[in-house]
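# let me see the structure of the following:
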Amino acid sequence: MKAAIYARVSSERQDVDLSISAQLRALREYAARNGHQVIREFIDEAESGKTAARPAFREMIAMARRPKKPFGLILVWKYSRFARNRQDSIVFKTMLRKAGVQVVSITEPFEDTPTGRLLEAMIESLDEFYSANLGEEVTRGMREGARRGYYVASYAPYG
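Next comes the predicted model:
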């Protein structure tokens, strides 16, 4: 089957396991092992999964919706790389499914059964929770650091 690969990292300081090169290597190996022909690789660097306004993501979705789509499968390392917003995940996966394109996580494989869809929804909900909770934790940490008199911005102030 013809496939596209989608890889994403949220920041330039992303964990080594989630680096673009690590994702691409694992995705290419999975495609080769399973007989998929990789037609295109879409990469979003330093782009949050909390929004669908990612350049490569949008281009990939547009190509998948063409009448003569070049691929019928999108491979992602984890569902959190596809989206960290449950609503976006549902909307785009439904849109892709109607266009005959399947999204597959190579590390979180689920069968297209009621149980598989339930587990996928749970993983996506946990991904969204993780992202929202992390944002609150970072903000709380920054506020506490400021209360203690520490400088919490990325560059030193003037004066």
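# please make it C-alpha for all contacts and neighbour counts, starting now.
Will do.
# so who does the residue positioned nearest the centre of the chain touch?
Centroid-nearest residue in the chain: Arg81, 1.5 Å away (criterion: C-alpha atoms, centre = their mean). Residues near Arg81 by C-alpha atoms under 8 Å, 6 or more residues apart in numbering: Tyr6, Ala7, Arg8, Val9, Gly49.
# redo these as a markdown table? Include secondary structure.
Below are these laid out as a markdown table (DSSP: H, G, I helix; E, B strand; the rest coil):
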| residue | secondary structure |
| --- | --- |
| Tyr6 | strand |
| Ala7 | strand |
| Arg8 | strand |
| Val9 | coil |
| Gly49 | coil |
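# okay, those residues in TSV with pLDDT and neighbour count next?
Formatted as TSV, the contacts of Arg81 follow (pLDDT from 0 to 100; neighbours: other C-alpha atoms under 10 Å):
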residue	pLDDT	neighbour count
Tyr6	98	25
Ala7	96	25
Arg8	94	29
Val9	92	21
Gly49	81	24
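# ok, Ser11 - contacts?
Per C-alpha under 8 Å, 6+ apart, neighbours of Ser11: Glu45, Ala46, Glu47, Ser48.
# please redo it, this time with the cut-off set to 6 Å
With contact taken as C-alpha atoms under 6 Å, 6 or more residues apart in numbering, Ser11 is in contact with Ala46.
# SS state for it?
Three-state call for Ser11 (three-state DSSP): coil.
# now do the biggest helix by length in the chain: which elements does it pack against?
Longest helix in the chain, counting residues (DSSP state H): helix 114-147. Contacts defined by 3 or more C-alpha pairs under 6 Å, 6 or more residues apart in numbering; DSSP states H and E place helix 114-147 against no helix or strand at all.
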